[in-house]
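**Student:** Structure for the following, please:
(chains A and B)
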Amino acid sequence: MGTLTLDALSRRYGATTAVERVDLDVAEGELVALLGPSGCGKTTTLRMVAGFIPPSGGRVLIAGQDVTRTPPHGRNTGMVFQSYALFPHMTVGQNVAFGLEMRKIGRAERETRVREALRLVRLDGMADRLPRQLSGGQQQRVALARALVVNPAVFLLDEPLSNLDAKLRAEVRFEIRALQQRLGLTTLFVTHDQEEALTMADRLVVMERGRVRQTGTAEDLYERPADAFVAGFIGRCNLLRGAPEGPGHFRAHGGALLPCLAAPAPGASVLALRPERIAVATEGEGLPARLATVTYLGAQTEYHLDLGGTPLVAIAPTPPESSRHRALAPGDAVLAHWDPAEARLLPAEPGDLPDDTP
Amino acid sequence: MAALLLPATLLVLGLLVAPMAMLFRISLNEYSAAQMMQEALTAENYLRAIADPYYRDVLGTTLGVALACTLLALLLGFPAAYWLARMQSRWKSLAVILTLFPLLVGNVVRAAGWMALLGRDGAINAALRSLGLITEPLALLYTTGAVIAGILAVVAPYMILTLAAVIEGIPRQVEEAAANLGAGPLTGFRRVVLPLALPGVAAGCVLVFILCMNAYATPVLLGGPQFKMMAPAVYDQFVRGTNWPFGAALAFILLVVTLTLTIIGSTVLGRHSRSR
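**Tutor:** This is a model prediction of the structure:
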């Protein structure tokens, strides 16, 4: 196992930039997820690490060694492909043994290690099957075993769960994470599914149009997003365009004056406020608002508020049936209250807000 | 649904099976200079063809040329097919058309072109002479090499397109997985691409071998009067010698040899691709 370093890694296709100066350090045994919408450059980045795409600029270092010019077969990375990419003409055992054969490991040791790897992914006794005789989940585990058995310096996962059904996906997510932690695998993981990234990764890299928007833990990204894109991409968020008005207030384009964190970031033009941090009450303190819709979601209830032309979404645990709050209905006058520290002022680029009209 | 097969079945019965049956019947007749042939049931024509060293030689040449052309088409065609199959640009359909281009020209016209290129006063000899590299023209035309080159140009597109169709079905990621696990390009080809492409290799070789075995215009025009392959020999018997029974027997020998080798070849390749 080793570290992985990306140093100003870039990839251009003609005039378009797929990946722009990505810097990243993955520590030994750390799992870092590359997260972003499709076309954000996350897969291109992973493929540059594996060596399938030559970078236009920058460097890739594995265990401190510059491998930027090393062909894929010389990099000692273990990759699990989205389609699993098992060799259809080889048995499960031959698939797993392939990397060991390439490393000129003797038959006896090869057999022991293949058996161990298959036990690790709970496929003991399946060595003589062909890939097409296995279920999707089992094929995926063969792909894991095949990549792990060679003790790669870096473990690469390209959307490995996207071909599994929802129930299996949650299960395999935990399995991969447990395996990765037990073996101390330095891992780079590509996904477009934020829940997957949040539950599995030590750190996340949010990418958009080839650039890294923010790198940090799940908590960093959720609680302290760097910009409006990250705030909107990770979890749900009210994002309101407007401008700071004096310290501690923000004038939304809809007209409402909203309390917020006192010191705005330079260039801040968007107020970001998580729906579950807004309390909806009928008395006490808060800004007067009118309920537009009330949506019962079981454990939670979603309230769409109208603050004199400025829309806000609030989410709260559904009140018990005995509570007066349970009777809240569209048209009711309520008070919306939040800790000003929860309302962050963030910079935003055109297109960062879902409802941005270009 | 079975009714859908009726027109095709009638066509095959009427235009293939019936003439073949008639031809087979003719091959059992006796030759007669006066009446062309005489009703009989004899294996005489077959025995004569097998016993005659001349025709054994013709069959040997045919087999040699067909095998050489098949092998060369495979060796030269595989890289081209791979390139074509992995091509992602918008020029791909143009590349396919260019591959098919030799088939747009008829066999005779193409052979005439080869003659203009390879003849005593052809383009190659003229160029070499004007460069002062030779004084006497090289014998390029009317050689086995000329025939092989000529047939190769016809069959290569079949080989390339058959292989390309199968290679396109091999996911690129499977090749990448091999590289990721430490296989260099050659090892990856040998262990992953080639075994997965074997059905295409079998189909391409069978198709090309049959075409080569039955080549007519190219051996006649590029091989010259001394060079004989089976299809021209059959023609000679029917048209020049007017010995229909013997010609029919030669035709059936050609058919049986081609069929036998095709079945053996595809069985061997088929078993290989299943066991891997």
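**Student:** alpha carbons only for contacts and neighbour counts from here, please
**Tutor:** Noted.
**Student:** Assign the residue nearest to A:Thr282 when sequence neighbours are not counted to helix, strand or coil.
**Tutor:** Spatial nearest neighbour of A:Thr282, chain neighbours left out: A:Val334 (4.8 Å); criterion: C-alpha to C-alpha, 6 or more residues apart in numbering or on different chains. Assigned by DSSP: H, G, I helix; E, B strand; the rest coil, the conformation of A:Val334 is strand.
**Student:** pLDDT averaged over the helix or strand harbouring A:Thr293 - what is it?
**Tutor:** If you go by DSSP states H and E, A:Thr293 is part of strand A:287-297. Mean per-residue pLDDT for strand A:287-297: 94.
**Student:** Over to stretch B:201-219?
**Tutor:** pLDDT averaged over stretch B:201-219 gives 94.
**Student:** circling back: ok, and what's touching the strand holding A:Thr293?
**Tutor:** The contact list for strand A:287-297, computed with C-alpha atoms under 8 Å, 6 or more residues apart in numbering or on different chains, reads A:301-308, A:318, A:328-337.
**Student:** Go through these and flag which are in strands.
**Tutor:** A:Thr301, A:Glu302, A:Tyr303, A:His304, A:Leu305, A:Asp306, A:Leu307, A:Ala333, A:Val334, A:Leu335, A:Ala336, A:His337 (DSSP state E).
**Student:** Next, give me the two most distant ones among those residues.
**Tutor:** A:Thr301 and A:Leu307 (18.7 Å; C-alpha to C-alpha).
**Student:** Mind checking which residue lies nearest the centre of chain B?
**Tutor:** Among the residues of chain B, the one closest to the centroid is B:Cys212, at 2.1 Å (C-alpha atoms, centre = their mean).
**Student:** My guess is it contacts B:Val65. True?
**Tutor:** Yes: if you go by C-alpha atoms under 8 Å, B:Cys212 and B:Val65 touch, sitting 7.5 Å apart.
**Student:** Name the residues of chain B found near chain A, please.
**Tutor:** Selection of chain B residues close to chain A by C-alpha under 8 Å from any C-alpha of the partner chain yields B:171, B:173-174, B:176-184, B:192, B:195-196, B:274, B:276.
**Student:** Please type out the PyMOL selection for whichever of those residues turn out to be buried.
**Tutor:** Selecting the buried subset of the residues of chain B next to chain A in PyMOL, with 16 or more other C-alpha atoms under 10 Å in any protein chain shown as the burial test, is done by:
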select buried, chain B and resi 173+174+176+177+178+179+180+181+182+183+184+192+195+196
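**Student:** ok, back up a step: pLDDT at the residue nearest to A:Thr282, what is it?
**Tutor:** 94.
**Student:** and the one residue in the stretch 151-300 of chain A that gets nearest to chain B, which of the three is it?
**Tutor:** Residue of the stretch 151-300 of chain A nearest chain B, by C-alpha to the nearest C-alpha: A:Pro152 (9.1 Å). Secondary structure for A:Pro152, judged by three-state DSSP, is coil.
**Student:** Neighbours of it, how many?
**Tutor:** A:Pro152 has 21 neighbours, counted by other C-alpha atoms under 10 Å in any protein chain shown.
**Student:** got it, and B:Ser32?
**Tutor:** 14.
**Student:** which non-adjacent residue is nearest it?
**Tutor:** Per C-alpha to C-alpha, 6+ apart, closest to B:Ser32 is B:Gln38, 6.2 Å.
**Student:** With A:Glu30 instead?
**Tutor:** Going by C-alpha to C-alpha, 6+ apart, A:Glu30 has A:Thr186 as its nearest residue, at 5.1 Å.
**Student:** SS state for the residue nearest to the centre of chain B?
**Tutor:** helix.
**Student:** Please name the spatially closest residue to it (chain neighbours excluded).
**Tutor:** Closest to B:Cys212 by C-alpha to C-alpha, 6+ apart is B:Ala66, at 4.8 Å.
**Student:** burial of the one you found, as a residue count?
**Tutor:** Count around B:Ala66 with other C-alpha under 10 Å applied: 25.
**Student:** can you confirm it is in a strand?
**Tutor:** No: looking at B:Ala66 with three-state DSSP, it is helix, so not inside a strand.
**Student:** thinking again about what came up before, who's in contact with the residue nearest to the centre of chain B?
**Tutor:** Residues counted as contacts of B:Cys212 (C-alpha under 8 Å, 6+ apart) are B:Val65, B:Ala66, B:Cys69, B:Thr70, B:Ile151, B:Val155.
**Student:** Which one of those residues sits in the busiest neighbourhood?
**Tutor:** Among the contacts of B:Cys212, B:Thr70 has the most neighbours (other C-alpha under 10 Å), with 29 neighbours.
**Student:** So that one sits against B:Val208, correct?
**Tutor:** Yes: counting by C-alpha under 8 Å, B:Val208 is a contact partner of B:Thr70 at 5.9 Å.
**Student:** Drop anything exposed from the contacts of strand A:287-297.
**Tutor:** The buried subset of the contacts of strand A:287-297 (16+ other C-alpha under 10 Å) comprises A:301-307, A:318, A:328, A:333-337.
**Student:** Okay, now the sheet partners of the worst-scoring helix or strand of chain B on mean pLDDT, with direction.
**Tutor:** In chain B, no helix or strand scores lower on mean pLDDT, DSSP states H and E than strand B:36-38, which sits at a mean of 80. Here strand B:36-38 is paired, per DSSP bridges, with strand B:30-32 (antiparallel).
**Student:** any idea of the mean pLDDT in the partner strand?
**Tutor:** On average, strand B:30-32 scores 86.
**Student:** how much distance is there from it to the middle of the chain?
**Tutor:** Averaging C-alpha positions (C-alpha atoms, centre = their mean, to the nearest Å) puts strand B:30-32 32 Å from its chain's average.
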